[in-house]
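based on what follows, work out the 3D shape:
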Amino acid sequence: MARFHYIASNMSGGVLEGDIMADNSAAVLGWMSSQGLKPVAIKEIKERSWMKKTIGETLSIEDKVFLTKYLALMLKVGTDLFRAIDILAADFDKPAVKSLLAEIKDIIGKGQPLYTAFARHPKDFSQVFVSLVKAGEESGNLESVFARLSRDTEKEKDLRSRIKGALIYPIILVGLSLTILFLMVTFALPKIAETFLTGDVEPPLFSRIVFSVGLFLRNNLLIILPVFLAAIIAFFFFFSRTSVGRSVWTRIINNIPIIRGVLKKMAIQRFAATLSSLMRSGTPILDALEISADAVGSAELSATLRRIAREGITKGLTMGEAFRREAYFPKIVSNLIGVSEQAGHMEDVLETLAGFYENEVDSSIKTLVAFLEPMLLLVIGVVVAIIALAIIVPVYQLVGQI
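Here you go, the predicted structure:
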């Protein structure tokens with residue numbers, strides 16, 4: 001069995017396109033005939049190995065910034081899209097980008113819409129991205145759409161960089177501290193423990209417990225270390241790759257007040273930026289809200305936006321009224337949306353809100369890091385103090401007997 005990509009026309013003249021598993025192209029033609037379809041093109045899709053699919057096959061956010069900025073510039077100076085993609089392909093060495101550009105060129109050459117090329121890569125291009133490109137094509141405003149996408153992607157990149165930069169120090173601190181503690185408990189502590197446990201001085205119960213833990217870890221290190229690493233991998237797989245794990249992780253995070261506040265601000269920032277871009281591109285408000293609901297990265301906000309669209313606006317409520325009914329949004333957000341709707345410049349207000357919440361997220365991350373650093377140092381200090389006391393108390397006993 002192989003995978004084939006087909007393009008066909010139906011009885012009414014519409015063009016259909018899709019993939020099908022079949023033994024050969026003749027089998028595909030037979031299936032198309034049974035469906036009343038007239039074949040236009042059939043192409044076998046060569047399956048690549050798992051390693052080739054996973055290594056170097058994703059686009060970074062820097063790639064997307066450059067791609068959108070370059071296409072906007074080429075269209076602005078009057079270069080046609082086909083020629084712009086040729087020039088861009090020559091500037092990129094990354095296989096994933098070259099493959100995407102070749103696919104875009106092939107799709108345009110067949111007379112298909114540009115947005116369908118991006119829609120085939122949902123892991124790299126969100127529904128918001130695809131919808132904006134589609135709206136730009138339909139309105140003949142593709143250059144301004146790519147320029148807007150470039151700005152929005154660059155803002156997202158800058159926000160990610162600031163968050164990563166703020167978290168680097170705590171991560172390094174935790175990593176080094178855990179390494180030092182591991183070396184102390186598995187190598188230094190057992191040697192000290194053997195000295196006291198085999199001597200004439202009997203350490204107190206507290207010290208004996210700490211010494212026993214150190215000896216146990218050293219004697220079973222070859223078993224404990226692989227099990228510990230496997231447990232960490234299983235932990236991350238469960239919470240990042242399974243729907244149950246993601247649901248549990250979301251509930252855990254939402255029960256931590258300071259983190260919950262940061263995540264809520266990030267979701268509102270994403271919502272405001274996405275809805276502003278979609279409205280500027282001419283996307284109908286109901287469609288824009290539905291697309292935004294998929295892009296915000298928060299189940300609670302996603303459900304809220306869908307209620308606003310389906311139970312508010314479709315039933316005749318204004319945007320302001322629909323937003324004020326939802327407790328998720330701060331009153332200032334709901335009021336600004338209501339006022340801007342009446343004034344007719346909601347896109348500008350949403351863009352301003354996105355900028356405001358971007359700064360709020362940055363500030364909140366710094367506050368969170370400022371809170372985490374002393375807490376981490378306190379926990380590590382307590383562990384070190386326990387080990388130190390377990391050693392010092394027997395030393396004082398030994399000195400007292402001399």
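
count of neighbours near Lys174?
No, residue 174 isn't Lys; it's Val. A total of 14 residues lie near Val174 under the criterion other Cβ atoms under 10 Å. All C-beta atoms are positioned from the backbone trio N, CA, C, and that covers glycine.

one more: Ile20?
Neighbours around Ile20, by other Cβ under 10 Å: 14.

which other helices and strands contact the helix or strand harbouring Phe216?
Assessed by DSSP states H and E, Phe216 sits inside helix 205-219. Contacts of helix 205-219 with other secondary structure elements, assessed using 3 or more Cβ pairs under 8 Å, 6 or more residues apart in numbering; DSSP states H and E, are made with helix 189-197, helix 346-401.

identify each buried residue in the shortest one, please.
By neighbour count on 16 or more other Cβ atoms under 10 Å, the buried set for helix 189-197 is 189-190, 192-193, 196-197.

what do you get for stretch 380-399?
The neighbour-count criterion (16+ other Cβ under 10 Å) identifies 380, 387, 390-391, 393-394 as the buried residues of stretch 380-399.

in the chain, what secondary structure element scores lowest on mean pLDDT?
Every helix and strand in the chain was compared by mean pLDDT, DSSP states H and E; the lowest is helix 50-54, with a mean of 37.

give me the buried positions along the next helix or strand along the chain from that helix.
Sequence order places helix 61-76 as the next helix or strand after helix 50-54, per DSSP H and E. Judged by neighbour count (16+ other Cβ under 10 Å), helix 61-76 contains these buried residues: 63-72, 74-75.

can you get me the centre-to-centre distance for helix 61-76 and its chain?
Here helix 61-76 shows a centroid-to-chain-centroid distance of 21 Å under the convention Cα atoms, centre = their mean, to the nearest Å.

now that helix: mean pLDDT?
Helix 61-76 shows an average pLDDT of 86 in the prediction.

same question, stretch 215-230
Stretch 215-230 shows a mean pLDDT of 85.

check stretch 352-360 too.
Mean pLDDT, taken over the full extent of stretch 352-360, equals 89.

return that stretch as CSV; C-alpha atoms alone will do.
Presented in CSV, the C-alpha positions along stretch 352-360 are these (Å, rounded to 0.1, in the frame of the first residue of the first chain):
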residue,chain,number,x,y,z
THR,A,352,-3.3,48.6,22.5
LEU,A,353,-4.6,46.0,24.9
ALA,A,354,-2.3,43.4,23.4
GLY,A,355,0.7,45.7,24.0
PHE,A,356,-0.4,46.5,27.5
TYR,A,357,-0.7,42.9,28.5
GLU,A,358,2.6,42.0,26.8
ASN,A,359,4.3,44.4,29.2
GLU,A,360,2.2,43.0,32.1
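
so for the closest residue to Leu350 other than its chain neighbours, what's the pLDDT?
Spatial nearest neighbour of Leu350, excluding adjacent residues (Cβ to Cβ, 6 or more residues apart in numbering): Ser276 at 3.8 Å. Looking at Ser276, its pLDDT reads 89.

show me the contacts for Ser276.
With contacts taken as Cβ atoms under 8 Å, 6 or more residues apart in numbering, Ser276 has the following neighbours: 347-348, 350-351, 354.

closest one of those to Ile259?
Ala354 (21.2 Å; Cβ to Cβ).

and the closest one, how many neighbours?
Look at Ala354: counted by other Cβ under 10 Å, it has 21 neighbours.

tally up the residues packed near Tyr357, please.
Summarising burial for Tyr357: neighbours were counted as other Cβ under 10 Å, giving 23.

mind checking the pLDDT average for stretch 386-395?
Averaging pLDDT along stretch 386-395 gives 81.

same check on stretch 184-195?
If you average the pLDDT values across stretch 184-195, you get 78.

kindly export it (C-alpha atoms) in PDB.
Once side chains and other backbone atoms are set aside, the C-alpha atoms of stretch 184-195 remain, and they are given as PDB (Å, rounded to 0.1, in the frame of the first residue of the first chain):
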ATOM      1  CA  MET A 184      27.300  15.400  48.400                       C
ATOM      2  CA  VAL A 185      24.700  12.700  49.200                       C
ATOM      3  CA  THR A 186      26.000  10.000  47.000                       C
ATOM      4  CA  PHE A 187      29.800  10.400  47.400                       C
ATOM      5  CA  ALA A 188      30.900  12.700  50.300                       C
ATOM      6  CA  LEU A 189      28.200  11.800  52.800                       C
ATOM      7  CA  PRO A 190      28.600   8.000  52.600                       C
ATOM      8  CA  LYS A 191      32.300   8.200  53.400                       C
ATOM      9  CA  ILE A 192      31.600  10.300  56.500                       C
ATOM     10  CA  ALA A 193      28.800   8.000  57.400                       C
ATOM     11  CA  GLU A 194      31.100   4.900  57.300                       C
ATOM     12  CA  THR A 195      33.500   6.700  59.600                       C
END
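
break the chain into its domains for me.
For the chain, automatic domain parsing gives the domain ranges 2-47, 61-154, 155-402.

for Ile232, state which of the contacts of Ser276 is nearest.
When the contacts of Ser276 are ranked by distance to Ile232 (Cβ to Cβ), Ala354 comes first, at 36.1 Å.

how much space between that closest one and Leu336?
In this structure, Ala354 and Leu336 are 12 Å apart, going by Cβ to Cβ, to the nearest Å.

ok, Val379 next?
Taking Cβ to Cβ as the measure, Val379 and Leu336 are separated by 42 Å.

of those two, which one has the most company?
When Val379 and Leu336 are compared on other Cβ under 10 Å, the one with more neighbours turns out to be Leu336, at 21 against 12.

next one: phi and psi at that one?
Main-chain dihedrals, Leu336, degrees, to the nearest 10: phi -70, psi -40.

quick check: closest non-adjacent residue to it.
Once flanking residues are discounted, Leu336 sits nearest to Val349: 5.4 Å by Cβ to Cβ, 6+ apart.

now swap in Ile308 and tell me
If you skip the residues right next to it in sequence, Ile308 has Ala322 as its closest partner in space, 4.5 Å away by Cβ to Cβ, 6+ apart.

wait, doesn't the one you found sit right on Gly312?
Yes - look at Ala322 against Gly312 with Cβ atoms under 8 Å: they come within range, at 3.0 Å.

between those two, which is the more surrounded one?
In this comparison of Ala322 against Gly312, neighbours counted by other Cβ under 10 Å, the higher total goes to Ala322 at 23 against 20.
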